[in-house]
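K.L.:
Give me a model of this one.
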Amino acid sequence: MRILYQFPLSHFCEKARWLLDHKELDYNAQNLIPGVHRAFAKLKTGQNKLPILRDQDQWIADSTQIALYLDEVYPEHTLLRSDPTQRNEALEIDQLASTLGYHVRRWGLAHTLSESEQPLDLLIGEKGYLRQFEKYSKPIMKMLISKGYQLDQDKVDESEREMRRLIAELNQRLIANGGAYFVGERLGLADIAVCSMLAPILEIQDTPWEKEQGETLSEQFLQFKQELSDLPLGQYVLRIYQTERHARVDWRGI
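P.N.:
Numbering: from 1, shown residues only. Next comes the predicted model:
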């Protein structure tokens, strides 16, 4: 059985889950403990980040590398087009989406951690030692996240500026291709990458970022969400999630 090592809350891991689901491949989503994951990832892949896909004796790190591997080994439901121009365009958009994802992560965590414990609840899981001793694990986890992702105000403000720039560029690229998909006339890597990176802002239903009734976020977050929702890009992300996101595995993992 294929195993995707992940954090449930990570939109880069959401991208990897979607890639596997698009390929209609069976897999288990295995959660790792934040911080501890670094030693595991380094041992298995020589780097310290998630997601990591294990496919028999193959270990593949990074969501884009997972996409390339899947297209090579499992050619059905291709993620990249055979046409060189379309392939290069999709990889370029994927890279823009990855850059956007870094800034969405910092900006989103800064806002959600100040208003809600939901991210911490997802990270420590529903059971295990972190949950058993959540009185201590939650403050430690919050401190590690704040330090690791540089959630100081200057960095958060910088990320917002970059988000706005990249969203504007992606919005124009989508419009230039007719508004249905980013490259060609069907779902591919570019679409999955962009949608996954923006899902935390749009708080899409049946994703880790769906807000429970009664939860509140800052006015700044809500305003940004509304601005994105009003763009063709925001409407596209909502549509693609509704019509093309056929999840085969629970994002909560095991």
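K.L.:
Going along the chain, name the helices of the stretch 1-150 of the chain.
P.N.:
All helices of the stretch 1-150 of the chain, identified by DSSP state H, counting those that start in this stretch, fall at 11-22, 37-45, 63-73, 84-115, 118-124, 129-132, 134-148.
K.L.:
Would you single out the least confident of those helices?
P.N.:
Per-stretch mean pLDDT for the helices of the stretch 1-150 of the chain is lowest at helix 129-132 (a mean of 49).
K.L.:
Could you break this protein into its assigned domains?
P.N.:
Annotated domains of the chain cover 2-73, 84-244 [automatic domain parsing].
K.L.:
Leu166: which element?
P.N.:
According to DSSP states H and E, Leu166 maps onto helix 153-176.
K.L.:
what's next to that helix, contact-wise?
P.N.:
93, 96-97, 99-100, 102-104, 106-107, 110, 182, 194, 198, 224, 228, 231-233, 236 (C-beta atoms under 8 Å, 6 or more residues apart in numbering). C-beta coordinates here come from the backbone N, C-alpha and C atoms, glycine included.
K.L.:
Only the buried residues of it, if you could.
P.N.:
Residues of helix 153-176 classed as buried: 156, 159-160, 162-163, 166-167, 170-171, 173-174 (neighbour count, 16 or more other C-beta atoms under 10 Å).
K.L.:
what does stretch 44-57 give?
P.N.:
Result for stretch 44-57 [16+ other C-beta under 10 Å]: buried residues 45, 50-55.
K.L.:
among those residues, which two are most distant?
P.N.:
Leu50 and Asp55 (15.5 Å; C-beta to C-beta).
K.L.:
on that earlier part again, adding distance to Ile204, write the buried residues of stretch 44-57 out as CSV.
P.N.:
As requested, the buried residues of stretch 44-57 are exported to CSV (distance: C-beta to C-beta, whole Å):
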residue, distance to Ile204
Thr45, 29
Leu50, 21
Pro51, 19
Ile52, 24
Leu53, 23
Arg54, 28
Asp55, 28
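K.L.:
What about those residues, which are in strands?
P.N.:
Of the buried residues of stretch 44-57, the ones assigned to strands by DSSP state E are 52-55.
K.L.:
Please name the residues that touch Lys49.
P.N.:
41, 61-62.
K.L.:
Return the closest of these with respect to Arg2.
P.N.:
Ala61 (14.4 Å).
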